[in-house]
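Participant: A structural model of the following input is requested.
(2 chains)
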Amino acid sequence: MKKTLALVMIMVTALTLTACGGSSSGSESKDRVVNVCSWGEYIDEDLIYQFEEETGIKVNYQTAESNEVLYSLLKTGAGDYDVIVPSDYMIGRLIAEDMLAELNYDNIPNYALIDDRYKGLSYDPDNKYTVPYTWGTLGIIYNSAMVDEEITSWDAMFDEKYAGQVLMIRNSRDALAAALLDLGYDINTTDEAQIREAYDLLSTAKNNGIYQAFVMDEIYTKMEGGNAAIAMYYAGDYLTMLENNEDLRYVVPEEGSNWFVDAMCVLKNAQHKEEAEAWINFIAGTDASLANMDYIWYASPNAKALEQYPAYYEESYGEPLDQETFEIMAAPAGVLDRCTLYENLPAETLALYNELWTELGI
Amino acid sequence: MKNKLSHLAIPYVIWMALFVVAPIIMVVIYAFSSADGGFTLANFGKIGTYAVVFGRSFKLAIIATVICLAIGYPVSYMMSKEGPRFQRIAMVLIMLPMWMNFLLRTYSWMSILENNGLLNQLFQKIGLIALYNNIFGTDLQFFRMMNTQGAVVLGMVYNYLPFMILPIYSVIVKLDNSLIEAARDLGANSMNVFRRVILPLSLPGVLSGITMVFVPSVSTFAISKMLGGGTEILLGDLIEQQFLGGAYNPYLGSAISLVMMVIVVICMVVMNRFGEGEEQAVML
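Facilitator: Numbers count the residues shown, from 1 in each chain, chains lettered A, B, ... in the order given. Predicted coordinates for the structure are as follows:
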């Protein structure tokens, strides 16, 4: 009996380990449905109800932790999504692997509202697959009550002075980008020696106990609660944290950084393409963009919405929007000039990233 | 002698075949495959690199299991000696935390253990940190509890302790009291009664308790990710990373899972052999 029990336990463990990740409901019923997968804390959820009410299409809204997790979910077939919101470099990869469907822009009239600056970018040069959702910068967040100096460089992420107080991002692309930038290399480099040098910087820092933890969404409680002094994350999320802890500061380091575009795409095997396009059109609209921007603090690529946002903010909260806050959300040209978009890396480089990232965990 | 009701087990057999046996077969196939689908042993060749992670996972799981046993056995024993009302209330209290999702419970440990968390604030208030600094001449702002192996073990013990208590309790509570009376009649003192009668007879409960704590502990990834901070990953994290993380490599992930399963099965078989031997010795 206990042998059986032991065996069952082992098998259950094996099952949970190998088969994690659920799939969403099928599409048998006549109800119109759209399955959306986005990031955590990345939408004003009222928009979902609003869309459901306006169109009668039910939204199954799910989230993934990072581009890499999303990619794994798609590859293992665990995620049965219609619309996804990956970042630039992952879009490039998904297009290269023929996983995205070409959009019918006739169904997405609001695409015309998107600023030309966010069209024809390297990941989708002919504008066939994507409608930009948000854009922003990657930078360093620090707690001015815990750090005496003004941080301006990526050095802070590797500085022994801050041992045990730094949160590294749990995402290979961003973590290695910080190291590459600190060494003065291009974040899209495919030079193995440079990438290995960046990895060494990262792993030495880790071995010297500089990193308190590797985090993604856990960063909110850790930074807001003053449990860590320095972290690297995205501008929009910083503004959310700032609402809960006024001591936090954000900087796009002088060595430069990454600026990113997250765009809505439809998967090639999507079951509800029409509903997906209706959703994309709704989200790209000016009203939705304003509500979203107000909620998630990420800049919208909808030119009109971005322009109207300061007025919208003043009307909603009865006080003018701080110019500094606005410029962190929507980085001005001077800051964007030193930022680079991630590009999809060739397969060998991706394999190297994966290998190094697993090695770092040991 | 075929049981008339045995056809009622058919749904379970189908369930097992579909959701237990089939996935294991898939794990085995993946473990021996390369990315282009051919047969390879290369995945196992890479596992040597991760020996540290195997060592760390087994070490922490063993520590957690020993602590659970050390806490769980006395609790089960005392409980079984109390009246039925006490037993019922104690049982509810032990089960109570399990009504809430385990991720949430682990998440709340984060805010308790953080550098600036509830415990450290309490220590600050009652002057414990200042006292420690005075005695040891240090300059601590807080005790580092979060993101340590200790925090991971705490998480394991906290989450899996009921799985140790319940099987031990259910065995002890059913012990035939006449056996204890007989031992007393034959002149055994209470120490001997416990050592030579109660302990051996409760061994089956202890063994299932150990299994039910050790197996989830050795394969956990949620607890180590949340309380361990991801700087020292465990087997579960390593496997999860291969499937869901930045390093998408289900072949390596399956190979690691397979090796882990084999080691765990060997541990269990050895332990159960040992357990059976004990029981038989007692019977004789």
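Participant: okay, now the unreliable bits of the stretch 1-150 of chain B?
Facilitator: Along the stretch 1-150 of chain B, the parts satisfying pLDDT under 70 run over B:1-2.
Participant: could you pull out the helices for it?
Facilitator: B:10-16, B:22-31, B:42-45, B:51-81, B:84-95, B:102-113, B:118-125, B:128-136, B:149-172 (DSSP state H, counting those that start in this stretch).
Participant: out of those, deepest packed?
Facilitator: Looking across the helices of the stretch 1-150 of chain B with neighbours counted as mean count of other Cβ atoms under 10 Å in any protein chain shown, the highest average goes to helix B:149-172: a mean of 22. Every C-beta, even on glycine, is put in place using the N, C-alpha and C of the backbone.
Participant: quick check: what element follows that one along the chain?
Facilitator: Later in the chain than helix B:149-172, the nearest helix or strand by DSSP states H and E is helix B:177-185.
Participant: packing partners of that following helix?
Facilitator: helix B:190-193 (3 or more Cβ pairs under 8 Å, 6 or more residues apart in numbering or on different chains; DSSP states H and E).
Participant: C-alpha coordinates for the helix it packs on, CSV please?
Facilitator: Coordinates of each C-alpha in helix B:190-193 appear next as CSV, following Å, rounded to 0.1, in the frame of the first residue of the first chain:
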residue,chain,number,x,y,z
SER,B,190,6.8,3.6,29.3
MET,B,191,10.1,4.2,27.5
ASN,B,192,10.3,0.6,26.4
VAL,B,193,6.6,0.6,25.4
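Participant: now do the contacts for the residue lying closest to residue B:98 once chain neighbours are set aside.
Facilitator: Nearest-residue entry for residue B:98: residue B:162, 6.1 Å, with adjacent residues in sequence omitted and distances by Cβ to Cβ, 6 or more residues apart in numbering or on different chains. Residue B:162 makes contact with B:94, B:95, B:97, B:98, according to Cβ atoms under 8 Å, 6 or more residues apart in numbering or on different chains.
Participant: closest one of the residues you listed to residue A:83?
Facilitator: Minimum distance to residue A:83 across those is 36.6 Å, recorded for residue B:98 (Cβ to Cβ).
Participant: what's the separation between the spatially most central residue of chain B and chain A?
Facilitator: Geometric centre of chain B, nearest residue: residue B:213, 2.3 Å, by Cα atoms, centre = their mean. Using Cβ to the nearest Cβ, to the nearest Å, we find residue B:213 at a distance of 10 Å from chain A.
Participant: after whichever strand or helix holds that residue, next one along is what?
Facilitator: Using DSSP H and E, residue B:213 falls within helix B:199-219. Reading on from helix B:199-219 to the C-terminus, the next helix or strand found by DSSP H and E is helix B:222-228.
Participant: which helices and strands does the next helix or strand after that next one pack with?
Facilitator: Next along the chain after helix B:222-228, taking DSSP H and E as the criterion, comes helix B:235-244. Packed against helix B:235-244 by the contact rule (3+ Cβ pairs under 8 Å, 6+ apart) you find helix A:2-18, helix A:67-76, helix A:347-361, helix B:51-81, helix B:199-219, helix B:222-228, helix B:250-283.
Participant: in TSV: those helices, plus distance to residue B:183.
Facilitator: Shown next, in TSV, are these (distance: least, Cβ to Cβ, whole Å):
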stretch	distance to residue B:183
helix A:2-18	25
helix A:67-76	57
helix A:347-361	53
helix B:51-81	16
helix B:199-219	11
helix B:222-228	42
helix B:250-283	12
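Participant: closest to residue A:328 out of the ones you listed?
Facilitator: Of all the helices and strands packed on helix B:235-244, helix A:67-76 sits nearest to residue A:328, with 22.4 Å by Cβ to Cβ.
Participant: mind checking how far that closest one is from the chain centre?
Facilitator: Centre-to-centre, helix A:67-76 and its host chain are 14 Å apart (Cα atoms, centre = their mean, to the nearest Å).
Participant: buried stuff in it?
Facilitator: By neighbour count on 16 or more other Cβ atoms under 10 Å in any protein chain shown, the buried set for helix A:67-76 is A:67, A:68, A:69, A:70, A:71, A:72, A:73, A:74, A:76.
Participant: so which of these would you say is closest to residue A:237?
Facilitator: Looking across the buried residues of helix A:67-76 and measuring by Cβ to Cβ, the closest to residue A:237 is residue A:67, at 15.1 Å.
Participant: got a list of what that closest one touches?
Facilitator: Taking Cβ under 8 Å, 6+ apart, we find residue A:67 in contact with A:86, A:87, A:89, A:90, A:171, A:173.
Participant: so which residues on the stretch 51-200 of chain B come close to chain A?
Facilitator: Residues of the stretch 51-200 of chain B found near chain A (Cβ under 8 Å from any Cβ of the partner chain) are B:52, B:53, B:110, B:111, B:114, B:115, B:116, B:117, B:144, B:146, B:147.
Participant: still on that earlier bit, of all the helices and strands packed on helix B:235-244, which one is nearest residue B:173?
Facilitator: Closest among the helices and strands packed on helix B:235-244, using Cβ to Cβ: helix B:51-81, at 4.4 Å.
Participant: what about the strands in chain A?
Facilitator: A:33-39, A:58-64, A:83-84, A:131-143, A:166-169, A:211-215, A:230-234, A:248-251, A:257-266, A:339-340 (DSSP state E).
Participant: what residues are up against whichever residue of chain B sits closest to chain A?
Facilitator: Nearest residue of chain B to chain A: residue B:229, at 2.9 Å (Cβ to the nearest Cβ). Each residue near residue B:229 by Cβ under 8 Å, 6+ apart is listed here: A:211, A:212, A:213, A:214, A:215, B:146, B:147.
Participant: the same query, at a cut-off of 7 Å, please.
Facilitator: Contacts for residue B:229 (Cβ atoms under 7 Å, 6 or more residues apart in numbering or on different chains) come out as A:212, A:213, A:214, B:147.
Participant: any chance of TSV for those, columns neighbour count and distance to residue A:109?
Facilitator: Shown next, in TSV, are the contacts of residue B:229 (neighbours: other Cβ atoms under 10 Å in any protein chain shown; distance: Cβ to Cβ, whole Å):
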residue	neighbour count	distance to residue A:109
A:212	26	48
A:213	24	45
A:214	22	43
B:147	29	50
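Participant: which among those gets closest to residue A:163?
Facilitator: Scanning the contacts of residue B:229 for proximity to residue A:163, where the rule is Cβ to Cβ, the winner is residue A:212, at 9.0 Å.
Participant: now the stretch 201-350 of chain A against chain B: closest residue?
Facilitator: residue A:213 (2.9 Å).
Participant: dihedrals phi and psi, the nearest residue to that residue once chain neighbours are set aside?
Facilitator: Using Cβ to Cβ, 6+ apart and skipping residues adjacent in sequence, the residue nearest residue A:213 is residue B:229, 2.9 Å away. Phi and psi for residue B:229, reported as degrees, to the nearest 10, are phi 80, psi 0.
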